[in-house]
Every structure is written in C-alpha cells, then in structure tokens.
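S.K.: Coordinates for the following, if possible.
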Amino acid sequence: MPERHIRVQRRMSAPTGSVWALYADFPNLAKHWDGLKATRAISDQTMGLGARRRVELKPMGSMEETVTIWEEGRRMDTHNQPSASVPFKRAESTLILKPDGDGTLATFDYRYVPRGGPLGRLTGPLIDKMLTATFTDMLAATEKAARANG
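M.R.: Next comes the predicted model:
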C-alpha cells in the first residue's frame, strides 16, 4: 500500500513564539483544540525529542505519538503509533513554523499508510478529505488560542 500525504498551511496572525508555545506543550494539545477527546503524557518527558503522548480521537480511537525531531521554535516531527481502532498501518507528521511579518506561516504535513489492502486504496481519498479538514481546524484553533494567549 503506498504512503499518502496531506499538507495544510495557514498564515496566522499570531507571533511564532506564541504558536510554538502551544505545540511545545506537547501532552496538552486537546486543551486548545476540541478536535480531540483528550491528550495526556505517557512518559516523564513532556517536551523535546522523545516526548510521548496518548491521543484520544473523535469520535473514537486512539494513538500514541513520539517526538522524533524537535527544533526549538521551528519544527516538530512525530511518529504516530496507531491502535487497532485507527485505519492506518503507520503515520508521521511534521509541523514547521516560520515567521511571516508579524505573524506565522504554519505548515503541517501528515504521511500515512492506510490499512486494508484494496479497501484501503478505495478509502484513502475519503480519509484524506477528513484529515485535511481536521488538520485545517487544528491550525485555526491554534491561531485562536495563540492570539488569546499572546
């Protein structure tokens, strides 16, 4: 099954430091984005390379995420270990923040391999559409929270 790739971008009217602070609080993403049921730390390390969290998805399912690249204030990559209730064999994400005038350009890339062989090929475009909407909403919620906190 070939890997699928989704990219969403948003120009945020919030300083890069304020946006980064929200993502750097790795175990607490669900505090400012209601697209998730909950998030919580599953290791003693809560930020930086190697930090881990459990993500409870809406409407159901969960996965564990581990930070694999951490470039302070600029980039965070994760490896997502899906559970049986998530239709992926594997998934990774990359978040890149760049100053853009007095705001921030946020780019979120998500790469995943669907489960299900031929059925996965059929459901891939539907999953892409759902994930694109989900990640677009995540960036919008982060901008709103960064503006409120900034």
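S.K.: hmm, what's the outermost residue in this structure?
M.R.: Pro118 (26.6 Å; Cα atoms, centre = their mean).
S.K.: show me the biggest helix of this structure in terms of residues.
M.R.: If you go by DSSP state H, the chain has its longest helix at helix 117-149.
S.K.: what about the residue farthest from the centre of the chain, distance to Val8?
M.R.: Per Cβ to Cβ, to the nearest Å, Pro118 is found 28 Å from Val8. C-beta here means a position set from N, CA and C on the backbone, and glycine is covered the same way.
S.K.: Pick out the residue nearest the middle of this protein.
M.R.: Geometric middle of the chain (Cα atoms, centre = their mean) lands on Ser93, at 6.3 Å.
S.K.: What is the burial count for the closest residue to Thr16 other than its chain neighbours?
M.R.: Distances taken as Cβ to Cβ, 6 or more residues apart in numbering put Thr104 closest to Thr16, at 4.4 Å, once the chain neighbours are dropped. By other Cβ atoms under 10 Å, 24 other residues sit near Thr104.
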